[in-house]
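Student: Here is a sequence together with a model predicted from it:
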Amino acid sequence: RIMVDVHFFAAARDAAGCTHTSLTNTDVPATLGDLLQYLSTTFTGTTGAGTSMAEVLGRCSFLLDGKSATAETPLSGVSRVDVLPPFAGG
């Protein structure tokens, strides 16, 4: 069974309204970019400041099983995606 867990942090968590979601079997898109499109249309909430999920995702960085990734990165064999908005401070 194919499963990908997507974990949201900070503003992405606020816009999603949850800390994570799981995709199984045929729901898993081919690339990170496809996943981001799916997340943008599935999670329609906003942050407290009114920022949509699509806007938040446009500013995020992403880790696939702990490794930095771009929109073209395939999701084949990936079990965890971390959605990391920019963080302030240190």
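Tutor: Happy to help now that I have it.
Student: What are the buried residues along the lowest-mean-pLDDT helix or strand in the chain?
Tutor: The weakest-scoring helix or strand in the chain, judged by mean pLDDT, DSSP states H and E, is strand 20-24 (a mean of 92). By neighbour count on 16 or more other CB atoms under 10 Å, the buried set for strand 20-24 is 21, 23. Placement of C-beta: from N, CA and C, glycine included.
Student: Walk me through which strands that strand pairs with, and which way each runs.
Tutor: Here strand 20-24 has these sheet partners by DSSP bridges: strand 3-8 (antiparallel).
Student: Put the alpha carbons of the strand it pairs with into PDB.
Tutor: The C-alpha trace of strand 3-8 is given here as PDB (Å, rounded to 0.1, in the frame of the first residue of the first chain):
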ATOM      1  CA  MET A   3       1.000   6.100   1.600                       C
ATOM      2  CA  VAL A   4       2.400   9.600   1.900                       C
ATOM      3  CA  ASP A   5       2.100  11.600   5.100                       C
ATOM      4  CA  VAL A   6       2.100  15.400   4.600                       C
ATOM      5  CA  HIS A   7       3.000  17.400   7.700                       C
ATOM      6  CA  PHE A   8       2.100  21.100   8.000                       C
END
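Student: what does the average pLDDT come to for it?
Tutor: Here strand 3-8 scores 94 as its mean pLDDT.
Student: for stretch 54-72, same thing?
Tutor: 96.
Student: same deal with stretch 41-48?
Tutor: 93.
Student: buried sites along that stretch?
Tutor: In stretch 41-48, the ones that count as buried by 16+ other CB under 10 Å are 43, 46, 47.
Student: which of the residues you listed lies closest to residue 33?
Tutor: Of all the buried residues of stretch 41-48, residue 33 sits closest to residue 43, with 16.2 Å by CB to CB.
Student: correct me, but that closest one touches residue 17?
Tutor: Yes. Residue 43 is in contact with residue 17 according to CB atoms under 8 Å; the separation is 7.0 Å.
Student: circling back to that earlier point, and of the buried residues of stretch 41-48, the nearest to residue 11?
Tutor: For the buried residues of stretch 41-48, the nearest to residue 11 is residue 47 (5.0 Å; CB to CB).
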